[in-house]
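>>> sequence and predicted structure, then a few things I'm wondering about:
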Amino acid sequence: MKVLLGMLLAVMVWADAVAAVRMYRYENAQGVKVIDYQVPPEFVGKGYEVLNSQGRVIEVVPRALTQAELAAKSKQDQQKLDQARQAEEDKKLLTIFSSPADAERARDRKLEAIDAYINITKGNILKLKDDFNYTQGQAAERERAGQAVPDFQLEKIESLQRQISQAEEAIQEKEKEKIVIRAEYGKHIERLRELKQLRDASLEEPASP
């Protein structure tokens, strides 16, 4: 019984060893297909096939790509990445705006809100300047009369100058913001028009017979 078990074990070990044997088929320098237990280093880059003990192909290792092919593949991969990114951006864009006109209305609302802020700020600047001119006039009268200008008046003049300057800077920032909004929405509107044209073109294509 022990002998039988030993023989069975030996057969199983031998079978596993046979199954584990791998051969390689590659093309040599003369273009001839060669089967061997290993692939010489100088032929690895040309690609090869891995065979099992029955001679069946279990793996195909492709040849190494040339520099030109690598560059072309890199370009293709980048194009696919760009297309995927554009598709994701288009999806988000269409969830926000239903049409180019919808984006135009949203742009105009933002610009109108900024213009309203600018007009209010300009009105405040006029009031501040009137107050500044009046306070400065009072100070000038005191100086002409040989009187010292009170500290509170000097502080008020300085405060009014600062407020006017800050308000004018705020208007400048809002004007810059308008430029950014026009540019951003311009891109959105143009892309929405392109998507609409693509959608309309696909609807106009005749159905396949």
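In hand now; what should we look at?

>>> switch to C-alpha atoms for all contacts and neighbour counts from now on
Will do.

>>> my read: Ile125 touches Ile164, true?
Yes. Applying C-alpha atoms under 8 Å, one finds Ile125 in contact with Ile164, separated by 5.8 Å.

>>> what are the phi and psi values at Gln54?
phi -90, psi 0 (degrees, to the nearest 10).

>>> can you give me the neighbour number for it?
Neighbour count of Gln54, defined by other C-alpha atoms under 10 Å: 11.

>>> now do the contacts for Asn28.
Val34, Phe43 (C-alpha atoms under 8 Å, 6 or more residues apart in numbering).

>>> any idea how far it lies from His188?
To His188, Asn28 is 57 Å away according to C-alpha to C-alpha, to the nearest Å.

>>> for Val180, same thing?
12 Å.

>>> same deal with Ala145?
On the measure of C-alpha to C-alpha, Ala145 and His188 end up 64 Å apart.

>>> which one's more surrounded, those two?
Neighbours were counted for Ala145 and for His188 using other C-alpha under 10 Å; His188 has more, 20 against 9.

>>> residues contacting the more buried one?
By C-alpha under 8 Å, 6+ apart, the contact set of His188 is Leu93, Pro100, Ala103.

>>> give the next helix or strand downstream of whichever strand or helix holds the first one.
Pointing back at Leu93 there. Here Leu93, judged by DSSP states H and E, is contained in helix 67-96. For helix 67-96, the following helix or strand on the C-terminal side (DSSP H and E) is helix 100-144.

>>> orientation of that next one relative to helix 67-96 in degrees?
Counting by axes from the mean of the first three to the mean of the last three C-alpha atoms, to 10 degrees, helix 100-144 lies at 80 degrees to helix 67-96.

>>> what is helix 100-144 packed up against?
Applying 3 or more C-alpha pairs under 8 Å, 6 or more residues apart in numbering; DSSP states H and E, we find helix 100-144 packed against helix 151-204.

>>> pLDDT wise, what is Glu155 at?
Among the per-residue scores, Glu155 holds a pLDDT of 96.

>>> same thing with Gln38?
In this model, Gln38 is scored at 91, pLDDT.

>>> leaving out chain neighbours, which residue sits closest to it?
Computed as C-alpha to C-alpha, 6 or more residues apart in numbering, the closest residue to Gln38 that is not its neighbour in sequence is Tyr24, at 6.0 Å.

>>> please, which helix or strand holds the one you found?
Using DSSP H and E, Tyr24 sits within strand 23-27.

>>> gap between the very next helix or strand once past that strand and the chain center?
Per DSSP H and E, the first helix or strand lying C-terminal to strand 23-27 is strand 33-36. Put simply, strand 33-36 sits 49 Å off its chain's centre (C-alpha atoms, centre = their mean, to the nearest Å).
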